[in-house]
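# One predicted model, sequence on top.
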Amino acid sequence: VTRPAEDGVTVPPLRQLQARRSEKWAVFEPDVLSLTVAEMDFPVFADVRRAVTELIAGSDLGYAVPATRGLREALAGFARRRLHWQVDIDQVTVIPDVMLGIVDLCRVLAGPDGAVSFATPAYPPFFREPALAGLQTIPVGLTATGSIDLTHLETVLRGGTVRALILSNPHNPTGRVLPREELAAVAELCAAHEVWVLADEIHAALTFPGATHVPWFEVSDAARRWGIVLTSASKAFNLAALKTAFIVTACSAARDVVQRIGPQHDHASLLGEVAAEVALRDGDQWLDQVLAQLVANRDHLAAELNQRLPEVRWRIPQATYLAWLDCRALQLDAEPAEVFLARGRVALGPGLNYSPAQQGFARLNFATSPALLTEAVTRMQRALDTPVN
Ligand SMILES: Cc1ncc(COP(=O)(O)O)c(C=O)c1O
């Protein structure tokens, strides 16, 4: 089947991207090539654009009906087809976004005296947002191979204050897909200490061929009893602006916890609900195209870095469009992202935001065109060749 041109993964020219108003582009000066925030540079799935445009054209911009059956069925169908995950549509709650869900669940579960944990390097809001809500955070390290340090986790859980573990699977920023045995071990440990797992599976649909995402609820009885899954169409379909995400549960105890966060669905967006339904119901072919492009981009980036910046090391991600770059061998005088931005005009995610104790890393978002990845590596090289003034 030939794809209509409007549905392609052709990235607009850099000038056009630089004029975008989303965070990835708008926070930098106009000459910067941004590879920061987890947004993609591809055009949004055409059916989604049409559906959203129709709502706007019809002045249909009122409140959303919470979690329509069509939306919940679209999520369940997508989960079944693409993730081998059987979602019970009666246990789906709509929320505005994953982070709001995580923070409110942490608040309910940890109360004023409890703590929450997560594996580092981590998505920066995991450090920031529970702390802003007054909660203590106790990070757990990843091992050298990127797996969760189970010994460290057990020690932390034995401490007795942690009430919830936020588990990013696939992991941001490493792009690692957690294997079943590791997930089962985490589930067992958490169940033994009566600690809830908030399984953040927002990147799951971006798992590349060759790796298999194991949905948290397909891991074990312990995972279903002590788990709450958060997900969204926003990452895979690039819809972060539209504010619609999901909490999914698999037992009545978890459903009771979710009830206690209050009616977050009242704050989700009609645009987002309609977009998510179309994307999850009809977007398989578009997503396959995007995944193929992301794999090509990942391999292109690997070849470019290997050839032109061989000191930069990274583990090739199995999912997401994020590259966690170990730049320590460059022996820079400052945070790598600062050097690349100031001297090369290319913006990466500063490693210290993901891992405050570990200098010398940067996160690169490769959801763009191969040509812009080449340009990014050229700018990184230029930064290293430019003397500090
Ligand atoms: C692991 C992870 N969780 C949550 C989010 C944020 O999701 P939302 O915009 O739905 O809050 C992101 C965004 O990049 C993410 O990478």
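Arrived safely, thanks for sending. Residues are numbered from 1 along each chain as shown.
# Pull the distance from stretch 166-174 to the chain's centre.
Going by Cα atoms, centre = their mean, to the nearest Å, the spacing between the C-alpha centre of stretch 166-174 and its chain's C-alpha centre is 7 Å.
# Any idea how many residues pack against His84?
When neighbours are defined as other Cβ atoms under 10 Å, His84 has 12 of them. Every C-beta, even on glycine, is put in place using the N, C-alpha and C of the backbone.
# Isn't Leu135 up against Asp113?
No - at 9.5 Å, Leu135 does not count as touching Asp113 under the criterion of Cβ atoms under 8 Å.
# Give me the more crowded residue out of the two.
Neighbours per residue, other Cβ under 10 Å: of Leu135 and Asp113, the larger number sits with Leu135, 21 against 9.
# so what's the more buried one closest to, chain neighbours aside?
Setting aside the residues directly before and after it, Leu135 is nearest to Ala110 in space (Cβ to Cβ, 6 or more residues apart in numbering), at 5.2 Å.
# So what does the one you found look like in phi/psi?
Dihedral pair for Ala110: phi -90, psi -20, per degrees, to the nearest 10.
# With the one 5 residues further on instead?
Taking degrees, to the nearest 10, you get phi -130, psi 160 for the backbone angles of Ala115.
# how many neighbours does it have?
Taking other Cβ under 10 Å as the criterion, the count of residues near Ala115 is 18.
# how many other residues sit next to the closest residue to it other than its chain neighbours?
Spatial nearest neighbour of Ala115, chain neighbours left out: Gln136 (3.9 Å); criterion: Cβ to Cβ, 6+ apart. A count of neighbours around Gln136, defined by other Cβ under 10 Å, yields 15.
# who touches Gln136 in this structure?
Applying Cβ atoms under 8 Å, 6 or more residues apart in numbering, one finds that Gln136 lies in contact with 110, 114-116, 161.
# The ligand versus the residue nearest to Leu135, what's the distance?
With the distance defined as Cβ to the nearest ligand atom, to the nearest Å, Ala110 ends up 18 Å from the ligand.
# Flag the shaky bits of this structure, pLDDT-wise.
Within the chain, the stretches with pLDDT under 70 are 1-7, 387-389.
# got the residues of it near the ligand?
In this structure, the chain approaches the ligand at residues 38, 97-99, 123, 168, 172, 200, 202, 232, 234, 240, 245, judged by Cβ under 6 Å from any ligand atom.
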